[in-house]
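Participant: one predicted model, sequence on top.
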Amino acid sequence: MLKNPLRRRILGAILIFLGALLMWLAPEIWFGIVMVLIAIALEILGVALEHKKNSKQL
């Protein structure tokens, strides 16, 4: 995917931030549930990118 560790770290941080922002802004209707699910997916993707970076340094 991304070979450059700095870009991967920045992308991971942005995805985690966007996920948290979506969770915070989600309304209490059906669309809110969809927003929270998308936010969770973004958070997981961001954490996975960060984990991939950290596991290569060991």
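Facilitator: Noted; the coordinates are in hand.
Participant: chain center to the helix or strand of the chain with the lowest mean pLDDT: distance?
Facilitator: Least confident helix or strand of the chain, by mean pLDDT, DSSP states H and E, is helix 30-56 with a mean of 79. With C-alpha atoms, centre = their mean, to the nearest Å as the basis, helix 30-56 stands 4 Å off its chain's centre.
Participant: in it, what's buried?
Facilitator: 35, 39, 42, 43, 45, 46, 49, 50 (16 or more other C-beta atoms under 10 Å). Where you see a C-beta, it was placed from the backbone N, CA and C, and this is true even at glycine.
Participant: mind putting those in JSON lines, distance to residue 22 included?
Facilitator: What follows is those, written out as JSON lines (distance: C-beta to C-beta, whole Å):
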{"residue": "35", "distance to residue 22": "5"}
{"residue": "39", "distance to residue 22": "4"}
{"residue": "42", "distance to residue 22": "7"}
{"residue": "43", "distance to residue 22": "9"}
{"residue": "45", "distance to residue 22": "13"}
{"residue": "46", "distance to residue 22": "12"}
{"residue": "49", "distance to residue 22": "17"}
{"residue": "50", "distance to residue 22": "18"}
